[in-house]
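Enquirer: coordinates for the following, if possible.
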Amino acid sequence: MGFNFPPDKHPLRYRRHNEVTLLTLLITTLFMLASRDAFILLGFPPEIVFVILLASVLGSGINIPLFSLESTYRRDIIIPLNFFGYRFAVPQFVHHRTLVAINVGGAVIPILVSIVLIAQSPLLLFHIVLPLAVSSVVINRQAQLVPGLGVTLPALFAPIASVLSCLIFLPLTGGLEFLVSAVYITASIGSLIGADLMNLPKIPSLGSPMVSVGGAGTFDGVFMGGVMAIILVVSFVIVPN
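Expert: Presented below is the predicted three-dimensional model:
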């Protein structure tokens, strides 16, 4: 037997469902516009920017399998016994394989964009070595390994750390003219290195059936982090001509 609820009184419906939906669409639209402007600042023509954004959004749901790892993790099974109310936790070691994949929107696209930027300005590679190394280590310290899920990263940590590291080291190397490109590469590639690649040895202990490089919890740190880093630079730093 079912229950017939009025459409506006359904218990699973948000009280402010329409307002929340409108706010989500507004935030998404504003971020996409900011992303468009960010990639134009990187020197990409508008038609290429559209392709990059579309591939990033659609590709965030596509994972390309790379290899699998032998995984062993421990879980405790609670066994209730009628012995003075005591309960015992019996450890059980689970063995399976974890598939390691790479996310198209969160890893492949940022890597390709970074390669294009470096190919256009080869000297950029020299100027980003120190900021990239520092941001990767700092991001790695903040990345959280969640058992059964994978690696997660605070949303705004990567862009802030990347902007600060670029502002500290680029004046020393004389590479301030590459500031916009440098913060994008440092934020996106730094997130991939710090959050994902540096944590690969720990993946077998997570117990996840699949771990995606640049996917799930790190997508915001890679794609969104790179865009937010450019927005922070343009908003609060005077970029030299």
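
Enquirer: how near is residue 97 to residue 41?
Expert: Distance, residue 97 to residue 41, by Cβ to Cβ, to the nearest Å: 43 Å. Any C-beta I mention is one placed from the backbone N, CA and C, and that applies to glycine too.

Enquirer: between these two, which has more neighbouring residues?
Expert: residue 41 (16 against 13; other Cβ atoms under 10 Å).

Enquirer: my read is that that one contacts residue 180, right?
Expert: Yes: if you go by Cβ atoms under 8 Å, residue 41 and residue 180 touch, sitting 5.4 Å apart.

Enquirer: model confidence over the helix or strand where residue 230 lies, on average?
Expert: In the assignment (DSSP states H and E), residue 230 maps to helix 225-236. For helix 225-236, mean pLDDT rounds to 72.

Enquirer: stretch 117-136 too?
Expert: The model assigns stretch 117-136 a mean pLDDT of 93.

Enquirer: run through who's touching that stretch.
Expert: 42-43, 158, 161-162, 165-166, 168-170, 172-175, 178, 181-182, 184-187, 189-190, 193-194, 198 (Cβ atoms under 8 Å, 6 or more residues apart in numbering).

Enquirer: so the closest residue to residue 110 other than its chain neighbours is in which element?
Expert: Nearest residue to residue 110 in three dimensions, chain neighbours excluded: residue 188, at 3.9 Å (Cβ to Cβ, 6 or more residues apart in numbering). Under the criterion of DSSP H and E, residue 188 resides in helix 179-191.

Enquirer: paired strands for the helix or strand that that helix is followed by, with orientation please.
Expert: Counting by DSSP H and E, the next helix or strand C-terminal to helix 179-191 is strand 210-213. According to DSSP bridges, strand 210-213 has the following sheet partners: strand 87-103 (parallel).

Enquirer: sounds good, over and out.
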